[in-house]
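[1] Compute the structure for the input listed below.
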Amino acid sequence: MKTVIVRHRRENLKKCSLRGLEKRDDLRFYTYPIQQLPDLTGAILLKVGAPPLTIEDQERTILLIDGTWRLAAIMEHQLPPLETRSLPTHFQTAYPRTPNPEGGLASVEALYIAHRILGRSTEGLLDHYYWKERFLTLNQRVW
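    Prediction:
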């Protein structure tokens, strides 16, 4: 019951919203394309526009791609075929990104929402996120 995060090697760690979570036991980070990925049989890829993630997915491994939109698209094509799930579209990002694709969330925001949906621990996920309070305030009524 892990979450796998595939981070592009060119991701700017100074701007990376997942920074500081690398040592958590419930998350596994892999660097693309340097590190070989684990067996992803039965894993679910989080992707905009896919069927919604639900509590029924709680026992499955979740794969989150961490990179710019352009790099994420390239990385996705290199993955084995996986079932996909999306997050509800009513959540708002606090990350100041321009332009912000519709439904675009910071990686840590997507991770937090996915863990809440799946009933997994969210403790400490947002501790290093600069826009934590704004994100929680923006979305306080949609939980």
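
[2] Low-confidence stretches in the chain?
    1, 98-103 (pLDDT under 70).

[3] which residues of it fall in helices?
    Assigned helices in the chain, in chain order: 69-78, 107-118, 132-138 (criterion: DSSP state H).

[4] How far does the shortest one sit from its chain's centre?
    With C-alpha atoms, centre = their mean, to the nearest Å as the basis, the distance from the averaged C-alpha position of helix 132-138 to the chain average is 17 Å.

[5] same check, this time on stretch 8-24
    Centroid displacement of stretch 8-24 relative to its chain, using C-alpha atoms, centre = their mean, is 12 Å.

[6] May I see the buried residues of that stretch?
    Across stretch 8-24, burial judged by 16 or more other C-beta atoms under 10 Å covers 8, 11, 16-19, 21. C-betas here are computed from N, CA, C, even on glycine.

[7] same check, this time on stretch 70-82
    For stretch 70-82, the neighbour count (16+ other C-beta under 10 Å) marks 71-72, 75-76, 82 as buried.

[8] Kindly report the same for stretch 110-126.
    Residues of stretch 110-126 classed as buried: 110-115, 117-118, 120, 125-126 (neighbour count, 16+ other C-beta under 10 Å).

[9] Residue 127 contacts residue 20, doesn't it?
    Yes: counting by C-beta atoms under 8 Å, residue 20 is a contact partner of residue 127 at 7.1 Å.

[10] Now render the helices of the chain as TSV, adding distance to residue 41.
    TSV is the format used below for these (distance: least, C-beta to C-beta, whole Å):
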stretch	distance to residue 41
helix 69-78	17
helix 107-118	18
helix 132-138	33
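
[11] out of the ones you listed, which comes closest to residue 42?
    helix 107-118 (14.3 Å; C-beta to C-beta).

[12] List of residues touching that closest one?
    For helix 107-118, the external contacting residues (C-beta atoms under 8 Å, 6 or more residues apart in numbering) are 3, 5, 16-18, 21, 27, 46, 53-55, 57-58, 62, 64, 66, 87-88, 91, 93-95, 105, 120-122, 125-126, 129, 135, 143.
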